[in-house]
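> Quick one, fold the following:
(4 chains)
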Protein chains: 2
Amino acid sequence: MKQSYNNGVEATLGVISGKWKPQLLCYLGNRPQRTCDLRQELPAISQKVLTQQLRELERDGIIMRRVYGERAPFKVIYELTALGKSLGQILVQMSEWGEQRATQLPDMEIRNDHAGFTHILEG
Amino acid sequence: MKQSYNNGVEATLGVISGKWKPQLLCYLGNRPQRTCDLRQELPAISQKVLTQQLRELERDGIIMRRVYGERAPFKVIYELTALGKSLGQILVQMSEWGEQRATQLPDMEIRNDHAGFTHILEG
DNA sequence: CTGAATCCGCCGGGATACTG
DNA sequence: CAGTATCCCGGCGGATTCAG
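Below is the predicted model of the structure:
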(Lines give C-alpha, C1' and ligand atoms only; values in the text may rest on other atoms or scores of the structure.)
Protein backbone atom coordinates (compact mmCIF):
# COMPACT_ATOMS: atom_id res chain seq x y z
CA MET A 1 0.00 0.00 0.00
CA LYS A 2 1.03 3.56 -0.73
CA GLN A 3 2.46 5.64 2.10
CA SER A 4 1.26 9.20 2.13
CA TYR A 5 2.41 12.13 4.26
CA ASN A 6 1.32 15.74 4.38
CA ASN A 7 4.91 16.95 4.54
CA GLY A 8 8.48 15.76 4.82
CA VAL A 9 8.58 16.33 8.56
CA GLU A 10 6.02 13.60 9.09
CA ALA A 11 7.98 11.28 6.84
CA THR A 12 11.15 11.87 8.85
CA LEU A 13 9.32 11.46 12.13
CA GLY A 14 8.00 8.15 10.87
CA VAL A 15 11.57 6.97 10.56
CA ILE A 16 13.16 8.20 13.80
CA SER A 17 10.16 8.00 16.12
CA GLY A 18 10.05 5.00 18.38
CA LYS A 19 10.83 4.54 22.02
CA TRP A 20 14.35 3.23 21.46
CA LYS A 21 15.28 4.48 18.01
CA PRO A 22 17.14 7.64 19.00
CA GLN A 23 19.34 5.64 21.34
CA LEU A 24 19.90 2.92 18.76
CA LEU A 25 20.89 5.51 16.17
CA CYS A 26 23.24 7.07 18.69
CA TYR A 27 25.03 3.82 19.49
CA LEU A 28 25.16 2.70 15.89
CA GLY A 29 26.48 6.13 14.98
CA ASN A 30 29.56 5.41 17.02
CA ARG A 31 30.32 2.13 15.31
CA PRO A 32 28.67 -1.05 13.97
CA GLN A 33 27.45 -3.21 16.81
CA ARG A 34 26.40 -6.75 17.51
CA THR A 35 22.98 -7.56 18.89
CA CYS A 36 24.42 -8.48 22.27
CA ASP A 37 26.27 -5.17 22.39
CA LEU A 38 23.03 -3.29 21.89
CA ARG A 39 21.27 -5.36 24.52
CA GLN A 40 24.06 -4.47 26.91
CA GLU A 41 23.73 -0.75 26.24
CA LEU A 42 19.96 -0.97 26.56
CA PRO A 43 19.37 -3.37 29.44
CA ALA A 44 15.73 -2.37 29.77
CA ILE A 45 14.62 -3.28 26.27
CA SER A 46 12.96 -6.61 25.62
CA GLN A 47 14.18 -8.94 22.90
CA LYS A 48 11.00 -8.61 20.92
CA VAL A 49 11.03 -4.83 20.87
CA LEU A 50 14.74 -4.63 20.09
CA THR A 51 14.27 -6.81 17.03
CA GLN A 52 11.17 -4.87 16.10
CA GLN A 53 12.83 -1.47 16.17
CA LEU A 54 15.87 -2.78 14.33
CA ARG A 55 13.67 -4.37 11.65
CA GLU A 56 11.85 -1.10 11.12
CA LEU A 57 15.09 0.85 10.81
CA GLU A 58 16.33 -1.77 8.39
CA ARG A 59 13.15 -1.70 6.33
CA ASP A 60 13.43 2.08 6.12
CA GLY A 61 16.99 1.78 4.85
CA ILE A 62 18.57 3.45 7.88
CA ILE A 63 20.62 0.49 9.07
CA MET A 64 22.04 -2.63 7.50
CA ARG A 65 22.05 -6.13 8.97
CA ARG A 66 24.84 -8.63 8.37
CA VAL A 67 24.92 -12.23 9.54
CA TYR A 68 28.14 -14.18 10.05
CA GLY A 69 28.25 -17.93 10.66
CA GLU A 70 26.61 -20.98 9.12
CA ARG A 71 25.07 -22.34 12.27
CA ALA A 72 24.20 -21.08 15.71
CA PRO A 73 25.65 -19.28 17.50
CA PHE A 74 25.36 -16.53 14.93
CA LYS A 75 27.11 -13.22 14.82
CA VAL A 76 24.81 -10.42 13.68
CA ILE A 77 26.09 -6.93 13.05
CA TYR A 78 24.05 -3.81 12.56
CA GLU A 79 25.46 -0.63 11.08
CA LEU A 80 24.28 2.66 9.69
CA THR A 81 23.76 2.92 5.94
CA ALA A 82 24.66 6.02 3.94
CA LEU A 83 21.05 7.09 4.28
CA GLY A 84 21.23 6.56 8.01
CA LYS A 85 24.37 8.66 8.26
CA SER A 86 22.63 11.41 6.31
CA LEU A 87 20.41 11.84 9.36
CA GLY A 88 23.42 12.95 11.38
CA GLN A 89 22.97 16.69 10.99
CA ILE A 90 19.31 16.50 11.91
CA LEU A 91 19.93 14.33 14.96
CA VAL A 92 22.69 16.59 16.24
CA GLN A 93 20.52 19.66 15.83
CA MET A 94 17.55 18.01 17.51
CA SER A 95 19.80 16.92 20.32
CA GLU A 96 21.20 20.39 20.81
CA TRP A 97 17.78 22.00 20.67
CA GLY A 98 16.47 19.60 23.30
CA GLU A 99 19.43 20.23 25.56
CA GLN A 100 19.14 23.95 25.15
CA ARG A 101 15.50 23.77 26.12
CA ALA A 102 16.24 21.58 29.12
CA THR A 103 18.51 24.24 30.56
CA GLN A 104 15.48 26.56 30.81
CA LEU A 105 13.27 23.97 32.47
CA PRO A 106 14.37 22.92 35.95
CA ASP A 107 12.10 19.88 35.87
CA MET A 108 13.62 18.44 32.73
CA GLU A 109 16.65 16.20 32.71
CA ILE A 110 18.70 14.91 29.78
CA ARG A 111 21.17 12.17 30.59
CA ASN A 112 23.53 12.19 27.58
CA ASP A 113 24.57 15.14 25.51
CA HIS A 114 24.73 15.60 21.76
CA ALA A 115 28.34 14.42 21.58
CA GLY A 116 26.90 10.93 21.27
CA PHE A 117 25.46 11.85 17.89
CA THR A 118 28.31 13.87 16.47
CA HIS A 119 30.23 10.70 15.67
CA ILE A 120 27.76 10.00 12.90
CA LEU A 121 29.11 13.01 11.03
CA GLU A 122 32.61 11.60 11.03
CA GLY A 123 31.76 8.51 8.98
CA MET B 1 6.92 15.13 38.31
CA LYS B 2 10.33 15.27 36.70
CA GLN B 3 10.68 14.67 32.98
CA SER B 4 13.67 12.62 32.03
CA TYR B 5 15.11 11.84 28.60
CA ASN B 6 18.11 9.85 27.48
CA ASN B 7 19.11 12.49 24.98
CA GLY B 8 18.01 15.76 23.43
CA VAL B 9 16.55 14.06 20.38
CA GLU B 10 13.91 12.41 22.52
CA ALA B 11 13.11 15.73 24.16
CA THR B 12 12.63 17.39 20.79
CA LEU B 13 10.55 14.50 19.51
CA GLY B 14 8.35 14.86 22.56
CA VAL B 15 7.55 18.38 21.45
CA ILE B 16 6.94 17.97 17.70
CA SER B 17 5.53 14.45 17.66
CA GLY B 18 1.78 14.21 17.37
CA LYS B 19 -0.48 13.38 14.50
CA TRP B 20 -1.24 17.03 13.63
CA LYS B 21 1.62 18.99 15.14
CA PRO B 22 3.84 19.25 12.06
CA GLN B 23 0.95 20.67 10.06
CA LEU B 24 -0.03 23.03 12.85
CA LEU B 25 3.53 24.29 13.11
CA CYS B 26 3.61 24.76 9.34
CA TYR B 27 0.44 26.84 9.25
CA LEU B 28 1.35 28.85 12.31
CA GLY B 29 4.75 29.39 10.79
CA ASN B 30 3.15 31.33 8.00
CA ARG B 31 1.21 33.65 10.29
CA PRO B 32 -0.82 33.72 13.50
CA GLN B 33 -4.16 32.02 13.02
CA ARG B 34 -7.58 31.83 14.60
CA THR B 35 -9.04 28.53 15.71
CA CYS B 36 -11.56 28.55 12.90
CA ASP B 37 -8.76 29.14 10.39
CA LEU B 38 -6.94 26.07 11.62
CA ARG B 39 -10.10 24.00 11.49
CA GLN B 40 -10.54 25.09 7.90
CA GLU B 41 -7.01 24.08 6.95
CA LEU B 42 -7.41 20.77 8.79
CA PRO B 43 -10.96 19.68 8.01
CA ALA B 44 -10.32 16.15 9.22
CA ILE B 45 -9.28 16.99 12.77
CA SER B 46 -11.83 16.79 15.54
CA GLN B 47 -12.39 19.66 17.94
CA LYS B 48 -11.13 17.72 20.90
CA VAL B 49 -7.90 16.72 19.29
CA LEU B 50 -7.27 20.17 17.83
CA THR B 51 -7.57 21.73 21.26
CA GLN B 52 -5.46 18.95 22.74
CA GLN B 53 -2.57 19.37 20.35
CA LEU B 54 -2.67 23.15 20.68
CA ARG B 55 -2.68 22.90 24.47
CA GLU B 56 0.35 20.65 24.39
CA LEU B 57 2.24 22.99 22.08
CA GLU B 58 1.28 25.86 24.36
CA ARG B 59 2.35 24.02 27.50
CA ASP B 60 5.69 23.30 25.86
CA GLY B 61 6.16 26.97 25.07
CA ILE B 62 6.03 26.52 21.29
CA ILE B 63 2.93 28.57 20.64
CA MET B 64 1.06 31.38 22.42
CA ARG B 65 -2.67 31.71 22.83
CA ARG B 66 -4.44 35.06 22.91
CA VAL B 67 -8.15 35.63 23.57
CA TYR B 68 -9.99 38.70 22.35
CA GLY B 69 -13.52 39.59 23.48
CA GLU B 70 -15.36 39.72 26.81
CA ARG B 71 -18.18 37.42 25.92
CA ALA B 72 -18.88 34.82 23.28
CA PRO B 73 -18.25 34.78 20.39
CA PHE B 74 -14.57 34.88 21.25
CA LYS B 75 -11.68 35.45 18.97
CA VAL B 76 -8.75 33.21 19.80
CA ILE B 77 -5.42 33.60 18.09
CA TYR B 78 -2.51 31.19 18.16
CA GLU B 79 0.98 32.15 17.14
CA LEU B 80 4.52 30.82 17.34
CA THR B 81 6.67 31.96 20.25
CA ALA B 82 10.37 32.72 19.89
CA LEU B 83 11.06 29.18 21.07
CA GLY B 84 8.67 27.87 18.46
CA LYS B 85 10.38 29.84 15.73
CA SER B 86 13.71 28.43 16.87
CA LEU B 87 12.46 25.08 15.60
CA GLY B 88 12.40 26.45 12.05
CA GLN B 89 15.80 25.19 10.95
CA ILE B 90 15.11 21.71 12.25
CA LEU B 91 11.69 21.51 10.64
CA VAL B 92 12.98 22.67 7.29
CA GLN B 93 15.79 20.13 7.37
CA MET B 94 13.47 17.33 8.43
CA SER B 95 11.09 18.32 5.66
CA GLU B 96 13.83 18.33 3.04
CA TRP B 97 15.22 15.02 4.23
CA GLY B 98 11.78 13.45 4.05
CA GLU B 99 11.19 14.80 0.56
CA GLN B 100 14.58 13.67 -0.64
CA ARG B 101 13.88 10.20 0.65
CA ALA B 102 10.45 10.14 -0.98
CA THR B 103 11.99 10.70 -4.39
CA GLN B 104 13.81 7.36 -4.02
CA LEU B 105 10.70 5.46 -2.96
CA PRO B 106 8.01 5.18 -5.62
CA ASP B 107 5.42 4.13 -3.05
CA MET B 108 5.84 7.19 -0.89
CA GLU B 109 4.00 10.42 -1.49
CA ILE B 110 4.45 13.82 0.17
CA ARG B 111 1.73 16.35 -0.51
CA ASN B 112 3.34 19.66 0.45
CA ASP B 113 6.95 20.64 0.14
CA HIS B 114 9.29 22.27 2.61
CA ALA B 115 8.42 25.77 1.38
CA GLY B 116 5.58 25.69 3.90
CA PHE B 117 8.13 25.65 6.71
CA THR B 118 10.63 28.15 5.38
CA HIS B 119 8.35 31.03 6.35
CA ILE B 120 9.17 30.33 9.97
CA LEU B 121 12.72 31.44 9.32
CA GLU B 122 11.58 34.83 8.10
CA GLY B 123 10.01 35.86 11.40
C1' DC C 1 -16.97 30.78 17.89
C1' DT C 2 -14.34 27.97 21.02
C1' DG C 3 -13.84 24.41 24.01
C1' DA C 4 -14.98 20.77 27.82
C1' DA C 5 -16.69 15.97 28.74
C1' DT C 6 -17.42 11.03 27.57
C1' DC C 7 -16.83 6.81 25.57
C1' DC C 8 -14.13 3.83 22.62
C1' DG C 9 -10.93 1.50 19.21
C1' DC C 10 -6.32 0.93 17.67
C1' DC C 11 -1.59 0.20 17.98
C1' DG C 12 3.13 0.60 20.09
C1' DG C 13 5.44 -1.42 23.41
C1' DG C 14 6.15 -4.94 27.39
C1' DA C 15 6.36 -9.92 29.74
C1' DT C 16 7.07 -14.46 28.88
C1' DA C 17 8.06 -18.76 26.74
C1' DC C 18 9.91 -21.26 22.86
C1' DT C 19 13.17 -22.41 18.46
C1' DG C 20 17.52 -23.15 15.75
C1' DC D 1 23.56 -15.98 20.32
C1' DA D 2 19.60 -14.20 17.82
C1' DG D 3 14.95 -14.24 16.81
C1' DT D 4 9.81 -15.70 16.76
C1' DA D 5 5.10 -16.32 18.86
C1' DT D 6 1.47 -15.00 22.18
C1' DC D 7 -0.98 -12.46 25.26
C1' DC D 8 -1.61 -8.13 27.36
C1' DC D 9 -1.97 -3.15 28.78
C1' DG D 10 -1.95 1.97 28.50
C1' DG D 11 -2.44 5.97 26.08
C1' DC D 12 -3.14 8.65 21.80
C1' DG D 13 -6.35 10.03 18.84
C1' DG D 14 -11.42 9.83 16.97
C1' DA D 15 -16.78 10.51 17.23
C1' DT D 16 -20.17 12.70 19.53
C1' DT D 17 -22.51 15.58 22.66
C1' DC D 18 -22.96 19.50 25.77
C1' DA D 19 -21.81 24.57 27.32
C1' DG D 20 -20.49 29.61 27.72
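
> residue ranges of the helices in chain A, please?
Counting by DSSP state H, chain A has helices at residues A:8-16, A:21-30, A:35-41, A:47-59, A:82-85, A:88-104, A:115-118.

> Can you give me the neighbour number for the spatially closest residue to A:Q93 that is not a sequence neighbour?
Distance criterion CB to CB, 6 or more residues apart in numbering or on different chains; nearest residue to A:Q93, sequence neighbours excluded, is B:I90 at 5.3 Å. Backbone N, C-alpha and C define where each C-beta goes, glycine included. By other CB atoms under 10 Å in any protein chain shown, the residues close to B:I90 number 21.

> Roughly how far does the one residue sitting closest to the centre of chain A sit from DNA strand D?
For chain A, A:L25 is the residue whose C-alpha lies nearest the centre (CA atoms, centre = their mean; 2.1 Å). From A:L25 across to DNA strand D, the span is 17 Å (CB to the nearest atom of the strand, to the nearest Å).

> wait, what's in contact with that residue?
Contacts for A:L25 (CB atoms under 8 Å, 6 or more residues apart in numbering or on different chains) come out as A:16, A:57, A:62, A:80, A:84, A:87, A:91, A:117, A:120, B:9.

> so what's the fifth one closest to, chain neighbours aside?
So the one you mean is A:G84. Closest residue in space to A:G84, ignoring its immediate chain neighbours: A:I62 at 4.0 Å, by CB to CB, 6+ apart.

> The one you found reaches A:L87, doesn't it?
Yes - judged on CB atoms under 8 Å, A:I62 makes contact with A:L87 at a distance of 7.1 Å.

> Report the set of residues contacting both of the two.
Joint contacts of A:I62 and A:L87 (CB under 8 Å, 6+ apart) are A:15, A:25.

> Make JSON lines out of the contacts of A:L25 and add distance to DNA strand C and neighbour count.
Formatted as JSON lines, those follow (distance: CB to the nearest atom of the strand, whole Å; neighbours: other CB atoms under 10 Å in any protein chain shown):
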{"residue": "A:I16", "distance to DNA strand C": "11", "neighbour count": "22"}
{"residue": "A:L57", "distance to DNA strand C": "11", "neighbour count": "25"}
{"residue": "A:I62", "distance to DNA strand C": "14", "neighbour count": "23"}
{"residue": "A:L80", "distance to DNA strand C": "19", "neighbour count": "23"}
{"residue": "A:G84", "distance to DNA strand C": "18", "neighbour count": "23"}
{"residue": "A:L87", "distance to DNA strand C": "17", "neighbour count": "23"}
{"residue": "A:L91", "distance to DNA strand C": "17", "neighbour count": "25"}
{"residue": "A:F117", "distance to DNA strand C": "19", "neighbour count": "27"}
{"residue": "A:I120", "distance to DNA strand C": "21", "neighbour count": "22"}
{"residue": "B:V9", "distance to DNA strand C": "13", "neighbour count": "30"}
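
> can you put those residues in JSON lines and add pLDDT?
Listed next are the contacts of A:L25 as JSON lines, based on pLDDT from 0 to 100:
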{"residue": "A:I16", "pLDDT": "98"}
{"residue": "A:L57", "pLDDT": "98"}
{"residue": "A:I62", "pLDDT": "98"}
{"residue": "A:L80", "pLDDT": "98"}
{"residue": "A:G84", "pLDDT": "98"}
{"residue": "A:L87", "pLDDT": "98"}
{"residue": "A:L91", "pLDDT": "98"}
{"residue": "A:F117", "pLDDT": "98"}
{"residue": "A:I120", "pLDDT": "98"}
{"residue": "B:V9", "pLDDT": "98"}
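
> Many thanks, we can stop here.
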